[in-house]
Structures are given as C-alpha cells and as structure tokens.
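K.L.:
Sequence and predicted structure are below.
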Amino acid sequence: METPTISNTAYASNAVSLMETFGDVASSAPFGRTHHHLEPPTSTTRRIMLGQTSHHTIVDQLVAAAEEQLMARKLRIVQIFIVDPNENVSLEDCLLFKSEPKMTDLENNELFFELDIKDILAKHNEKRVKLVNKLVKDRVEYLEPAKIRDLKMNVVDIATF
C-alpha cells in the first residue's frame, strides 16, 4: 500500500514568566547564550563507550528498551494535515485535509489508515486535473491526478500524556 510522506511536528506552549524561567541568567548573559550542562554518562554508557560490554548485553538492553517503549501507552492530542505540495496547485487548493484536534494512542502511520484517503484524494483530483501545468510553456497541459505517494501528511502533537 502506498502512503504519503508522513512527518511529525510538535506544538508546545505554556505561560511562564521569563524571570521565572531564566532568573538572573537573563540579566547577566546575552539572551540565547546560556550554557546547558549534560548529565554524566551512566556506568552502562561508560562501559559501552570503553568497549567493556559484550555485544549481546547491548542488544539485550536495546531490545528491553524497545519493548518497554512499546508497552508504554502514549496518549496524545493530535491534529492531522494533508497537502499536495505540487507548485502548480494554488494555496487555496493545496490543503486536502485538516482534522479537528483529537485524542489518540495511535502511531502516525496508524493515523493515516484511520482516514478515508480514497474519498479525500478523489475530491482533490476533481479540481487538480483542471489545473494547468505551468512548467510546460509551449502548449496547454493539465496536471495528472495526484497519487497518495505525492501527498505530504503532517501530524502535529498538540499535547502528550
């Protein structure tokens, strides 16, 4: 099955005073030049970096981390956008789909299969095939119908829980 190019964007905001966030740093250092301190590496990380951990131990740890991540239920509020990025499609017509924000625990690829993409694409292609391809100068040529793989889908994480 073909799918559009799927990307993810996170939207985040909060109301916090700059003085609460930066404190005296805002007045003593030029804005944007604060230093971030990294956590010291764990003993496992040090052993991996020094080559003292066996290959099987590393693989086992990676598998355990992946299983733990799969077991964790990630609830989030998302909004989905699907566009036709073709430069011949006007701004008014390039947005095929915009969902309302909704709560989900699905991955981005799974969200795609929740949509009625066949209907969305059919409605868009009714308009698209009437648009002139501006790249062809010597004759009038209309755009071909878009395929699913030509589209771009962006999932915006509004909130995660």
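P.N.:
Sure, I can see it.
K.L.:
end-to-end on stretch 146-161?
P.N.:
36 Å (Cα to Cα, to the nearest Å).
K.L.:
Least confident secondary structure element in this structure?
P.N.:
For the chain, counting by mean pLDDT, DSSP states H and E, helix 18-22 ranks last in confidence among helices and strands (a mean of 41).
K.L.:
burial count for residue 159?
P.N.:
Taking other Cβ atoms under 10 Å as the criterion, the count of residues near residue 159 is 13. In short, each C-beta sits where N, CA and C put it, glycine included.
K.L.:
In contact with it, which residues are there?
P.N.:
Remark: with contacts taken as Cβ atoms under 8 Å, 6 or more residues apart in numbering, residue 159 is in contact with 76-77.
K.L.:
Report the secondary structure state of it.
P.N.:
Reduced to three states with DSSP: H, G, I helix; E, B strand; the rest coil, the structure at residue 159 is strand.
K.L.:
What distance do you get for it to residue 75?
P.N.:
Separation of residue 159 from residue 75 (Cβ to Cβ, to the nearest Å): 9 Å.
K.L.:
just residue 151 next, same as before
P.N.:
Counting by Cβ to Cβ - residue 151 and residue 75 are separated by 27 Å.
K.L.:
Tell me which of those two has more neighbours.
P.N.:
Using other Cβ under 10 Å as the criterion, residue 151 and residue 75 rank with residue 151 on top: 24 against 10.
K.L.:
What is the burial count for the residue lying closest to the more buried one once chain neighbours are set aside?
P.N.:
Of all residues not flanking residue 151 in the chain, residue 4 sits nearest, at 3.7 Å (Cβ to Cβ, 6 or more residues apart in numbering). A count of nearby residues for residue 4, using other Cβ under 10 Å, gives 22.
K.L.:
ditto for residue 117
P.N.:
With other Cβ under 10 Å as criterion, residue 117 counts 19.
K.L.:
Okay, it and residue 75: tell me how far apart.
P.N.:
In this view, residue 117 and residue 75 are 24 Å apart by Cβ to Cβ.
K.L.:
which helices and strands sit right next to the helix or strand where residue 122 lies?
P.N.:
Per DSSP states H and E: residue 122 is located in helix 117-128. Under the contact criterion of 3 or more Cβ pairs under 8 Å, 6 or more residues apart in numbering; DSSP states H and E, helix 117-128 touches helix 91-94, strand 95-98.
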